[in-house]
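K.L.:
fold the following.
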Amino acid sequence: FTARDVQQELKEKRFPWEIAKAFDGSAFASDFHPKENFDLENLTFKLDRNGENVQTGNSKDMIFHINTLIAECSKYFTLKKGDLIFTGTPAGVSKINSKDTLEGYLNDEKVFEIKVL
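P.N.:
The predicted structure is shown next:
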């Protein structure tokens, strides 16, 4: 998630805006799913809000292949099992409201459903 008000304020001051993305509760992750269950070079992922699709992407459209990202990050950080690498999101960024229901999918398999407080 991104705190858009904080992001805008920092952008106006020409400051880095990582704190608009790095706050308590800013990232939700589903349960882990074995990568062997998926074709990582052609993996569709999507997010629905209140039953309506708001974001859809595919790993084949990423600028860098997943293995390339892992190798590059490993040059600078010690990666261990369970670590997460955030790379950005597909088009469709929008506001999330209290009481919204978010559902995430890998291919056609729902991997999470959360209700925003």
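
K.L.:
for the residue lying farthest from the centre of the chain, give me phi and psi.
P.N.:
Among residues of the chain, the one most distant from the C-alpha centroid is residue 13; the distance is 26.2 Å, by CA atoms, centre = their mean. Summarising the backbone geometry of residue 13 under the convention degrees, to the nearest 10, its torsions are phi -90, psi 0.

K.L.:
and it, what pLDDT?
P.N.:
Per-residue confidence for residue 13 comes out at a pLDDT of 96.

K.L.:
how close does it get to residue 52?
P.N.:
Note on residue 13: its distance to residue 52, by CB to CB, to the nearest Å, is 35 Å. To be clear about C-beta, it is placed using only N, CA and C from the backbone, and glycine gets the same treatment.

K.L.:
would you map out the domains in this structure?
P.N.:
The record, using automatic domain parsing to delimit domains, assigns the chain the ranges 1-28, 31-115.

K.L.:
which residues sit against the one helix or strand residue 70 maps to?
P.N.:
Here residue 70, judged by DSSP states H and E, is contained in helix 66-74. Outside helix 66-74, the residues within contact range by CB atoms under 8 Å, 6 or more residues apart in numbering are 40-41, 59, 64, 79, 85, 87.

K.L.:
distance to residue 26, secondary structure and pLDDT added to those, as TSV?
P.N.:
Putting the contacts of helix 66-74 into TSV (distance: CB to CB, whole Å; DSSP: H, G, I helix; E, B strand; the rest coil; pLDDT from 0 to 100) gives the following:
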residue	distance to residue 26	secondary structure	pLDDT
40	25	coil	93
41	29	coil	94
59	23	helix	95
64	23	coil	94
79	20	coil	96
85	15	coil	91
87	15	coil	86
